[in-house]
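Participant: pasting the sequence and the predicted coordinates here, then a few questions.
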Amino acid sequence: MRDSAPEVREVTGSGSTPVGAGADEQLSMDTSRGRWVIAATVLGSGISALDATVVGIALPSIGRDFHSGVGTLQWVVSGYALTLAAFLLLGGSLGDRLGRRRMFSVGVVWFAVASVCCGIAPDAGVLIAARIVQGMGGALLAPASLAILQASFRPDHRPRAIGAWSGLGGVATAAGPLLGGYLIVAGSWRWVFFINIPVAVAVLFITARHVPESRDPSAAGHVDWRGAALAVLFLAGLTYGLIEAPSHGWASPAVLTGLVVAALAGPAFLMVERASAHPMLQLGLFRSRQFTSSNAVTFIVYGGLAGALFLLPVELQLVSHYSPLEAGSALLPVTVIMLAFSARSGKLAARIGPRLQMSVGPVVVGAGLLLLTRAAHPGSYVTQVLPAVVVFGAGLAITVAPLTSTALGAAPSEHAGVASAVNNVVARAGGLLAVAVLPLLAGITGGAALEPLHFAAGFRTAMVIAGLTCAAGGLLAAAAITNPPGAQRLLRPRLRDYHCALDSTPLRPAGAARTTGAARPGS
């Protein structure tokens, strides 16, 4: 294996081969170059995953500095999630066509520049605008990071590479709240964004030196810009209407305009995707009941969870008087539980089928969120917060691995990458809408929303709504998900899940499981 300048790889199916060379020149996990590629992709996707969790701890400090209400804090979170969800599929498509390493590098630079703009933002409006731009960068680098592994490594080394990417990425996600709390205590919430800069520089250096270029020669030159634009209009119009309606009124011209734009753009997006020869979204995937049902469960469960996790750091700091560092540490047991049991959960689902775990797990998550109603006033972490965190962490460990593998396994092997991206977008869209809707339903709106007693009452209501929403996802799974024939005889999981996905499902490609020396098609 040579360590010279990266060569261009043309990709067909789930493997990749250097142009004019044999498959033996694909990367191995046992080489220094292979490990550097892992490091680049983990750090690159890690800054996106880290940002999704670390900003939640900074919300109370941002609100105090800018004298902002809940609506502004919703936009700080939703502005990023909006463009990230809307452009993920497009980002993956551009990587296939123009080169995965190229789009990964562009995404890292884009994300870093936007992070600087976030850190120096003089007011809330500039911060929100920079967060929207930051989400676009995340949408370029996130799908490219995993696609690089899929295209660069030998088939028999892909499971190890993806496992390392998922596990280390989970650690980055888990470290976000703790790191954010420390940076806020030691300096300012602005350092939450500045920390991305040295990481981005390191990623760009490693990428330029070690990461091979790859693209899909079968990908058409057409890029579905119309579909991407309509997806943005739909999500932006709906999010704007739901967030701004409490302060401006449902009859406000701006609110009505946003909702009307969403009502028109949603059906138009489906029409464009159905008519396009090269659609961003393969609508034919939804003909599978298993695929549609698993994505519906993903939308419901991740929506309820994201809405709760948006409010929890604010509650801990505003009502329970935790420091940012204490609030950031509160969810560490969830990380420990998922890292310990997520892979075992995937193996169990492969043996007995996913239906039982997908039915029970969301109900356990919901029970944990209901227990969080006890955290709505000052008291002991051990008695008020820890039991809830342990319960919904257990529920996530039961749910996430079979949920992800079911969504991907329901798609034909040639569409495994698209199915993975769809599942990721569905999870993020569910979280985006939950952050907009849950405070509204719970009455956490208006100028008095951040007054501790008012917020505490709304938080209790929000946890009940979020808990019941997650439980409803379990009931849907019980009614709609089916086990594959002979599931009890499967001794090995189709997909090994090493991730710790708190904010979304991981992007997983084909070839993520291993048989005797080669990747199994469709796994």
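Facilitator: Perfect, I can see it now.
Participant: and what about the nearest residue to Cys117 once chain neighbours are set aside, helix, strand or coil?
Facilitator: Residue nearest to Cys117 in three dimensions, not counting chain neighbours: Ala130, with 3.8 Å by Cβ to Cβ, 6 or more residues apart in numbering. Bear in mind the C-beta positions are built from the backbone N, C-alpha and C, glycine included. In three-state terms, and counting by DSSP: H, G, I helix; E, B strand; the rest coil, Ala130 is helix.
Participant: ok, Ala130 - contacts?
Facilitator: Listed by Cβ atoms under 8 Å, 6 or more residues apart in numbering, the contact set of Ala130 reads 114, 117-118, 121.
Participant: top of the residues you listed by neighbour count?
Facilitator: Across those, the neighbour count under other Cβ atoms under 10 Å reaches its highest value at Cys118, namely 26 neighbours.
Participant: roughly how far out does the helix or strand containing Ser61 sit from the chain middle?
Facilitator: For Ser61, the enclosing helix or strand under DSSP states H and E is helix 32-66. Average the C-alpha atoms of helix 32-66, do the same for its chain, and the two points are 12 Å apart (Cα atoms, centre = their mean, to the nearest Å).
Participant: and if you look at stretch 206-214?
Facilitator: When C-alpha coordinates are averaged (Cα atoms, centre = their mean), stretch 206-214 and its chain have centres 24 Å apart.
Participant: first-to-last residue distance for that stretch?
Facilitator: Taking Cα to Cα, to the nearest Å, the span from the opening residue of stretch 206-214 to its closing residue is 16 Å.
Participant: now that stretch: average pLDDT?
Facilitator: Averaged over stretch 206-214, pLDDT sits at 89.
Participant: and it, which residues are buried?
Facilitator: The neighbour-count check on stretch 206-214 (16 or more other Cβ atoms under 10 Å) flags 206-207, 210-214 as buried.
Participant: over to stretch 366-383?
Facilitator: Of the residues in stretch 366-383, those with enough neighbours to count as buried (16+ other Cβ under 10 Å) are 366-373, 375-376.
Participant: okay, now the unreliable bits of the stretch 151-300 of the chain?
Facilitator: Using pLDDT under 70 as the threshold, the predicted model of the stretch 151-300 of the chain has low-confidence ranges 159, 162-164, 166-167, 169-174, 218-221.
Participant: how does it look with 80?
Facilitator: 151, 155-176, 215-224, 246-248, 277-278, 280-282 (pLDDT under 80).
Participant: would you map the strands across it?
Facilitator: Secondary structure of the stretch 151-300 of the chain (DSSP state E, counting those that start in this stretch): strands at 213-215.
Participant: could the buried residues of stretch 366-383 be laid out in JSON lines, adding distance to Val192 and pLDDT?
Facilitator: Formatted as JSON lines, those follow (distance: Cβ to Cβ, whole Å; pLDDT from 0 to 100):
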{"residue": "Gly366", "distance to Val192": "30", "pLDDT": "95"}
{"residue": "Ala367", "distance to Val192": "32", "pLDDT": "96"}
{"residue": "Gly368", "distance to Val192": "27", "pLDDT": "95"}
{"residue": "Leu369", "distance to Val192": "25", "pLDDT": "95"}
{"residue": "Leu370", "distance to Val192": "30", "pLDDT": "95"}
{"residue": "Leu371", "distance to Val192": "29", "pLDDT": "94"}
{"residue": "Leu372", "distance to Val192": "24", "pLDDT": "92"}
{"residue": "Thr373", "distance to Val192": "28", "pLDDT": "92"}
{"residue": "Ala375", "distance to Val192": "23", "pLDDT": "82"}
{"residue": "Ala376", "distance to Val192": "26", "pLDDT": "75"}
